[in-house]
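J.: Take this sequence and fold it.
(2 chains)
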Amino acid sequence: MSEMNEQPRKRFLVLDTSTAAQVVAVMDEENVLAAESSNADRNHSVGLMDSIARMLDAASVSRRELDGIAVGVGPGSYTGIRIAVTTAKTLAWTLQLPVAGFSSLAALALSGYRQAGSSSESTTAVKQSSTRMEALDHGSTEDAIHHTGEQSSTIANAQYDETETQPIETTGHTAHLTTDTQQMPSAVTTSWIVPLMDARRGQVYTGLFTTTGTGVLVCVEADRIVLMDDWMDQLIERYDALSEQERPSSIYIVGDTALHEQRAAKLAELAGDRVILFACSLEAEDAGMVGAAALLSGQSEPAHTLLPNYTQLSEAEANLLRHS
Amino acid sequence: MAQSLPQQTADFTSRSLEDTERLAAFLASRAFPGTMITLDGDLGAGKTHFSKAFAKHLGVAGMVNSPTFTIIKEYEGRMPFYHMDVYRIHEDEAAELGLDEYFFGQGATLVEWSSRIEDLLPEQRLSLHITVNADDSRTIVCEGYGDPYGDWCTELKQNGVNDNS
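T.: Numbers count the residues shown, from 1 in each chain, chains lettered A, B, ... in the order given. Predicted structure coming up:
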């Protein structure tokens, strides 16, 4: 991927604690050296530093060899976000390293997309095990095209530590957040990826990401907190406004799907079995990819200015919601 | 504020610290993960006394202090106990604390001075208002919004705190 790069490759530490998952990855640029996802629930503050030490050790990277730190800045659990952000800022300051924030939803979107559609064959399996919405409108031919088209780029050269990490599929259709210029941006159908984190009271933290046909996820609707009902209406409107050629071949709704299946059904009434619900958690490898991409593209900022992104409602919206 | 949920009210008269503790014990015995109780009343009305008794009967060992300066304190009883005092914060500051993670969490939450963050509170809750009477007794007005808080109030009205639970 970066054969032309003759400079020493960079090592990154990537953290995310915005969800119940405690996520730590050590990256060699876009390659995963070591990654660990554990369900910490509300105990990220207890285990995060240990996990960082373990992953650096597993990757045989000392903290002095790091070239940057990336951290998921949310949205998600307020307490959770602050733990990783504070840890990242403190480490960046003390080690004098650049620190970059990235969207935790982007990482969740990548986790869901990678797992839900990891190959044509396993996609079939996934679709059977996940909630495939009933079709009013079949898109199966396009589905096949779409999955063939998107198997092009892989993270097959990712290395995983075998003792400390959960091995992940390294084959199949893979998305990453770096540009791949070798792929022709032909009229490949795209997918929508809608990551969901439950935000209680019928709300979700979410955004909209699309594939570009080159395996790259692009954010088209920024991270937000929104009533799931309203969000589905907005997506329906967007979908409705597109011509058949412009419409996504698949709509992956991923993450905390369990509480929102009923509400997602509204979209499935329109888009049929293109809508795929896939429950998943945010995985360290995906946070690693997104975080490394942020650092590689130079998005770092001074440790003192990096802030969480809680995606709070504006005061007016909040009032409206409370009194509705 | 607009309350759409059914509401039950029970007035409880406390003539002693022990009386107040009996009400706290009654409520603590019914607490479940996600229990939401608000506690309002003037300084010196007995909010902290009630809170300590509630914590004790929820199985919290050791000292429970007023969290006026820490805002939120977490304890472990038979379930987590989240004790909040929001006297010192404004609603917009409170909105940045992510309080929903407590309110809809795995423990019982007790919020002192809740009127300061009324718009952030869950609709379903038990509201307690303590007033000091001329004879130094206390009237604790219990208002239950939604289930099971309404039932608790009905039970209080019918049987008082003398149940066998």
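J.: When you work out contacts or count neighbours from here on, use the C-alpha atoms and nothing else.
T.: OK.
J.: give me the number of residues near A:Pro98?
T.: 23 (other CA atoms under 10 Å in any protein chain shown).
J.: ugh, wrong one, B:Ala53
T.: B:Ala53: 23 neighbours (other CA under 10 Å).
J.: Mind pulling the model confidence for it?
T.: Looking at B:Ala53, its pLDDT stands at 96.
J.: and what of the one 3 residues further on?
T.: If you check B:Lys56, the pLDDT there is 97.
J.: got it, and A:Asn319?
T.: pLDDT recorded at A:Asn319 is 64.
J.: How about B:Glu96?
T.: 80.
J.: Ok, A:Leu217 next?
T.: pLDDT, A:Leu217: 90.
J.: What is the three-state secondary structure of it?
T.: Three-state call for A:Leu217 (DSSP: H, G, I helix; E, B strand; the rest coil): strand.
J.: so it touches A:Leu208, yeah?
T.: No. Between A:Leu217 and A:Leu208 there is no contact, the gap being 9.8 Å when judged by CA atoms under 8 Å.
J.: Looking at those two, which one has more neighbours?
T.: Neighbours of A:Leu217 and A:Leu208, each counted by other CA under 10 Å, are more numerous for A:Leu217; the result is 27 against 23.
J.: how far away is that one from A:His260?
T.: Distance, A:Leu217 to A:His260, by CA to CA, to the nearest Å: 23 Å.
J.: Using the record's domain definitions, break chain A down for me.
T.: As assigned by automatic domain parsing, chain A contains the domains A:3-104+A:284-322, A:105-279.
J.: so of these, which one's packed in deepest?
T.: Burial of the domains of chain A is given as mean neighbour count (mean count of other CA atoms under 10 Å in any protein chain shown); domain A:3-104+A:284-322 ranks first at a mean of 21.
J.: Could I get the phi/psi values of the residue in chain B that chain A sits nearest to?
T.: Of all residues in chain B, the one sitting closest to chain A is B:Gly98 (5.3 Å; CA to the nearest CA). With angles defined as degrees, to the nearest 10, B:Gly98 sits at phi 70, psi 40.
J.: contacting residues for it?
T.: Contact analysis of B:Gly98 by CA atoms under 8 Å, 6 or more residues apart in numbering or on different chains lists A:77-79.
J.: residues in contact with the helix or strand hosting A:Val220?
T.: Assigned by DSSP states H and E, A:Val220 belongs to strand A:217-227. Contact partners of strand A:217-227, identified using CA under 8 Å, 6+ apart, comprise A:75, A:103, A:105-106, A:110, A:175-177, A:199, A:202-212, A:311-313.
J.: From these, which land in helices?
T.: If you go by DSSP state H, these have A:105-106, A:110 in helices.
J.: List just the nearest of those residues to chain B.
T.: Nearest to chain B out of the ones in helices among the contacts of strand A:217-227 is A:Leu105 (CA to the nearest CA; 17.8 Å).
J.: mind checking pLDDT for that closest one?
T.: For A:Leu105, pLDDT reads 98.
J.: dump the residue contacts of it.
T.: So A:Leu105 contacts A:74-75, A:195-196, A:205-207, A:223 (CA under 8 Å, 6+ apart).
J.: Serialize those to a markdown table and add fields for pLDDT.
T.: Output for the contacts of A:Leu105, formatted as a markdown table (pLDDT from 0 to 100):
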| residue | pLDDT |
| --- | --- |
| A:Gly74 | 94 |
| A:Pro75 | 96 |
| A:Pro195 | 98 |
| A:Leu196 | 98 |
| A:Tyr205 | 97 |
| A:Thr206 | 97 |
| A:Gly207 | 97 |
| A:Asp223 | 96 |
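J.: which among those gets closest to B:Glu143?
T.: A:Tyr205 (32.6 Å; CA to CA).
J.: Identify the bridge partners of that closest one.
T.: Beta-bridge partners for A:Tyr205, by DSSP bridges, are A:Met197, A:Ile225.
J.: one step back: from the contacts of B:Gly98, which are also near chain B?
T.: A:77-79 (CA under 8 Å from any CA of the partner chain).
J.: Which ones among these lie within helices?
T.: Short answer: the ones next to chain B among the contacts of B:Gly98 in helices (DSSP H) are A:78-79.
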